[in-house]
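J.: from the sequence below, what's the structure:
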Amino acid sequence: MRPLLARVLGEDAFALLPAAVRRLHEGGSFEGEAPVQGPEGVLARFAAWVVGFPAGSARVPVRVVITPDGEGETWERDFGGRRFRSRMVPVAAGLEERFGPIGFVVAVPAEGTGLRVMVRGWKCLGIPVPLFLAPLGDAVESEDEAGRFRFDVAVRLPLGLGRVVHYRGWLVPN
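T.: Predicted coordinates for the structure are as follows:
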C-alpha cells in the first residue's frame, strides 16, 4: 500500500522529501527523544489534558508507532509514558488529523528540506468551528545531519490564551 502522505502529495513531491521524512511516513515504529514545554494557563492545561499532550520536561524518551489502516493511518505517540493517539485520513484539502472529538484539516506543503503542517480548518464533534478559534499549530518535519527524522511541533490557544505544548526532537526506526 502506498503511504498516505505519498497519496496526498503525489509520488513526485513525496520523492523530493528527505529520506528520513519519507521513511517515517511509510509507517512502523520509531524512537527518540525530545524536550517538551508544557501548557501555560488553565485553558491550555485543559486543552493539553483533553488531547493527552505530554507535560513539560527537559528530556523525554519518545516512541511513535504509525499504522496504516484502510484509507488512513493511526499515530500512537508515547512521551515518557504520556500517550496520545490520532487518526489521519485523506480529505479534499489535504489531510484530516483527528484527536478524539476534535479534527483538524491540514495542508502539508512539501519541499526538499521537509514539510510543514498547516491548519486550514477544524471541527469539534463533527461540527465545523470558525478557523479564528482554532488552536494555532506550527509543525515542521525535516532530517538532521545524522540522517534522523526531526520534528518541531508547537500548539497555542488562539487569542493569546497560552501555549498548549511545544516539543521538538528526533526519531529513528525502532
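
J.: now Gly41: closest residue in space that isn't a chain neighbour?
T.: The spatially closest residue to Gly41, leaving aside those adjacent along the chain, is Gly162, at 3.7 Å (Cβ to Cβ, 6 or more residues apart in numbering). Any C-beta I mention is one placed from the backbone N, CA and C, and that applies to glycine too.

J.: quick check: that neighbour touching Arg156?
T.: Yes. The criterion here is Cβ atoms under 8 Å, and Gly162 meets it with Arg156 at 6.7 Å.

J.: thinking again about what came up before, list the contacts of the residue nearest to Gly41.
T.: Pro39, Glu40, Gly41, Leu43, Ala44, Arg156 (Cβ atoms under 8 Å, 6 or more residues apart in numbering).

J.: give me phi/psi at it?
T.: Note on Gly162: backbone dihedrals following degrees, to the nearest 10 are phi 110, psi 160.

J.: make sure Val8 is indeed in a helix.
T.: Yes. With DSSP: H, G, I helix; E, B strand; the rest coil as the criterion, Val8 is located in a helix.

J.: separation between it and Arg23?
T.: 17 Å (Cβ to Cβ, to the nearest Å).

J.: Ser142 and Leu24 touch, don't they?
T.: No. In terms of Cβ under 8 Å, Ser142 does not count as a neighbour of Leu24; the distance is 10.9 Å.

J.: more neighbours, these two?
T.: Using other Cβ atoms under 10 Å, the more surrounded residue of Ser142 and Leu24 is Leu24, with 24 against 19.

J.: how about that one: what's its closest non-neighbour residue?
T.: Leu24's closest residue in space is Phe149 (Cβ to Cβ, 6+ apart), at 4.7 Å.

J.: ditto for Ala44
T.: Counting by Cβ to Cβ, 6+ apart, Ala44 lies nearest to Gly162, which is 4.0 Å off, once chain neighbours are set aside.

J.: so what touches stretch 144-152?
T.: Taking Cβ under 8 Å, 6+ apart as the criterion, the residues outside stretch 144-152 that touch it are 19-21, 23-24, 30, 32, 34, 114, 138-143, 167-172.

J.: and which of the contacts of Gly162 is nearest Glu97?
T.: Taking Cβ to Cβ as the measure, Arg156 is the one of these closest to Glu97, at 16.8 Å.

J.: list the contacts of the closest one.
T.: The neighbours of Arg156, taking Cβ under 8 Å, 6+ apart as the test, are Ala44, Pro135, Leu136, Gly137, Gly162, Arg163, Val164.

J.: the fourth one: what's it in contact with?
T.: If you count contacts by Cβ under 8 Å, 6+ apart, Gly137 has them with Phe104, Val117, Met118, Val119, Val153, Ala154, Val155, Arg156.
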